[in-house]
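Visitor: From the sequence below, what's the structure:
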Amino acid sequence: MKHVLTAFLILINLTVLKAQTAGSPSTGPIHLIDSAACMPVEDQGTSPTCWVFGTNSLFESDLIKKYDLHVNLSEMFIARYAYVDKIKQYLATNGATYCEGGGQFHDVIRVVRNVGMVPEVVYKGMPNGESSYNHAALDTAMKMVTQQFLHEGKTVLNKIDLQQLYDSLDKYLGKVPAAFWYRQKQYTPLTFAKEVVKFDDDYMELVSFANQPLYKKFVLIDKYNWARDSFYNITLDDMHRLVDTALAKGWSVGWEGDVTESGFNYYAGFAAFPDSLHHYDEERIVNYKNESTERDHMLQIVGIGRDQHNKKWYYMKNSWGRWFSPFQGYLYMEENYFKLKTVILFVNKRGLPGDLAKELGVK
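Guide: Residues are numbered from 1 along each chain as shown. Reported below is the predicted structural model:
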């Protein structure tokens with residue numbers, strides 16, 4: 001389905017947003033009902049780092065909610081150390097795991113837990129005065145050095161190997177400062193994560209597959225899940241309740257799914273399928289197995305709205321900048337699209353419905 005946007009109007013007034021469009025899936029305005037505060041839209045450029053942008057954006061929203069702290073977190077700091085993690089696992093498995101620039105929510109958690117995080121003002125990841133991210137050369141260099149290690153039969157990196165790897169990362173992303181000043185106090189990445197971000201590791205990844213045991217964790221078979229992390233399995237109805245409850249409480253939700261469908265129209269600002277009868281549970285399993293549902297993008301769900309027909313829309317923050325975007329880098333995702341093309345949700349456990357948290361054994 002193609003949508004041609006001929007006019008738009010965005011009015012933001014506290015918790016009410018109305019987007020009036022012509023030729024859109026909705027013939028009238030969409031009223032935002034619940035929302036979470038968030039930092040400005042950023043642009044990942046031509047880098048495969050939506051997974052970092054989406055996760056960091058959720059962390060930034062949580063900082064606003066919890067502490068009224070507005071801080072822009074560095075995506076490239078996370079991407080840098082996640083690359084090291086992926087290369088180590090790739091060599092340990094003799095080249096059997098994913099080792100490119102993409103990733104998932106838990107890859108960010110792992111880096112923050114082990115290395116920390118920094119504000120973007122400290123580590124932009126553009127050491128040579130670039131104006132946008134382009135990781136073609138970086139990804140090529142990482143592939144070359146990794147294949148060199150693999151060819152040499154290395155399964156574990158020694159200090160010399162690690163330094164060679166860090167030198168390449170320094171060239172394309174810049175050196176990481178051992179310590180830095182932020183708001184008149186000195187930090188390391190670990191102390192910044194502990195004292196400023198106050199990272200609590202209270203985050204969960206959830207999926208919905210009817211062919212897996214409910215309310216238990218299982219390892220999702222996915223090339224991007226190179227570390228073989230486990231995900232909580234819930235019903236599709238639970239997914240809806242989770243998003244609705246979290247947004248009502250002021251928590252945003254991370255979304256991973258498929259944006260390659262014709263119904264995903266960035267230039268119109270909508271992701272929607274025509275209303276029709278679906279057997280969602282069955283279709284989701286088939287589409288995942290045959291990869292017609294791809295896991296190719298991450299977005300942040302920051303609001304829920306209703307149109308004049310009372311149809312629900314999710315208000316999504318993207319990481320493709322504001323170029324050619326009718327909603328300044330945001331878009332609306334209709335329920336049918338959400339049901340068919342959502343793969344993973346990521347949320348602070350405090351955003352869960354109480355009964356779901358109890359069912360999952362989350363305190």
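Visitor: Okay, and the residue most central in space within the chain sits in which element?
Guide: Of all residues in the chain, the one closest to the mean position by Cα atoms, centre = their mean is residue 54, 3.1 Å from it. Of the helices and strands defined by DSSP states H and E, residue 54 is found in helix 50-67.
Visitor: What helix or strand is residue 241 located in?
Guide: Assigned by DSSP H and E, residue 241 belongs to helix 236-249.
Visitor: And the strands in the stretch 101-250 of the chain, which stretches?
Guide: If you assign secondary structure with DSSP state E, counting those that start in this stretch, the strands in the stretch 101-250 of the chain sit at 180-182, 185-187, 203-207, 217-219, 230-233.
Visitor: swap that for the stretch 251-363 of the chain, please
Guide: Counting by DSSP E, counting those that start in this stretch, the strands of the stretch 251-363 of the chain are 253-257, 264-265, 270-271, 297-306, 312-317, 330-334, 342-348.
Visitor: Would you format those as CSV with distance to residue 77 included?
Guide: Heads up, the C-betas are built off the backbone N, CA and C, glycines and all. As requested, these are exported to CSV (distance: least, Cβ to Cβ, whole Å):
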stretch, distance to residue 77
strand 253-257, 18
strand 264-265, 29
strand 270-271, 30
strand 297-306, 17
strand 312-317, 20
strand 330-334, 25
strand 342-348, 19
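Visitor: give the contact list for the residue lying farthest from the centre of the chain.
Guide: No residue in the chain has its C-alpha farther from the mean C-alpha position than residue 152, which lies at 34.8 Å (Cα atoms, centre = their mean). By Cβ atoms under 8 Å, 6 or more residues apart in numbering, the contact list for residue 152 is empty.
Visitor: May I have the phi/psi pair for it?
Guide: Residue 152 adopts backbone torsions of phi -80, psi 0, taken as degrees, to the nearest 10.
Visitor: Make sure residue 71 is actually in contact with residue 60.
Guide: Yes - using Cβ atoms under 8 Å, residue 71 is in contact with residue 60, at 6.6 Å.
Visitor: and for the two, which residues touch both?
Guide: Jointly contacting residue 71 and residue 60 under the rule Cβ under 8 Å, 6+ apart is no residue at all.
Visitor: how about the helices in the stretch 101-250 of the chain?
Guide: Taking DSSP state H, counting those that start in this stretch to define them, one finds helices in the stretch 101-250 of the chain at 105-114, 136-151, 159-173, 189-191, 236-249.
Visitor: For the helix holding residue 241, name the packing helices and strands.
Guide: strand 31-35, strand 203-207, strand 253-257, helix 280-289, strand 297-306, helix 335-341, strand 342-348, helix 354-360 (3 or more Cβ pairs under 8 Å, 6 or more residues apart in numbering; DSSP states H and E).
Visitor: Report the angle between that helix and strand 297-306.
Guide: Between the axes of helix 236-249 and strand 297-306, defined by axes from the mean of the first three to the mean of the last three Cα atoms, to 10 degrees, the angle is 70 degrees.
Visitor: before we move on, back to that, if you drop the residues flanking it in sequence, what lies closest to the residue nearest to the centre of the chain?
Guide: Computed as Cβ to Cβ, 6 or more residues apart in numbering, the closest residue to residue 54 that is not its neighbour in sequence is residue 298, at 3.5 Å.
Visitor: higher neighbour count, residue 71 and residue 60?
Guide: Looking at residue 71 and residue 60 with other Cβ atoms under 10 Å, you find the greater number of neighbours at residue 60, namely 23 against 19.
Visitor: pretty sure that one is touching residue 38, no?
Guide: Yes - look at residue 60 against residue 38 with Cβ under 8 Å: they come within range, at 6.7 Å.
Visitor: in the helix holding residue 241, what's buried?
Guide: 236, 238, 239, 240, 241, 242, 243, 244, 245, 246, 247 (16 or more other Cβ atoms under 10 Å).
Visitor: From the chain's centroid, how far away is that helix?
Guide: How far helix 236-249 lies from its chain's middle: 17 Å, per Cα atoms, centre = their mean, to the nearest Å.
Visitor: Check stretch 50-67 too.
Guide: 9 Å.
Visitor: List the residues that contact the closest residue to residue 38 other than its chain neighbours.
Guide: Counting by Cβ to Cβ, 6+ apart, residue 61 is the residue found nearest to residue 38 once chain neighbours are left out, at 4.7 Å. With contact set as Cβ under 8 Å, 6+ apart, residue 61 has these partners: 36, 37, 38, 39, 251, 252, 300, 302.
Visitor: ok, now how distant is the closest residue in space to residue 328 that isn't next to it in sequence from residue 266?
Guide: Counting by Cβ to Cβ, 6+ apart, the nearest residue to residue 328 once its immediate chain neighbours are dropped is residue 322, at 4.9 Å. For residue 322, the distance to residue 266 (Cβ to Cβ, to the nearest Å) stands at 11 Å.
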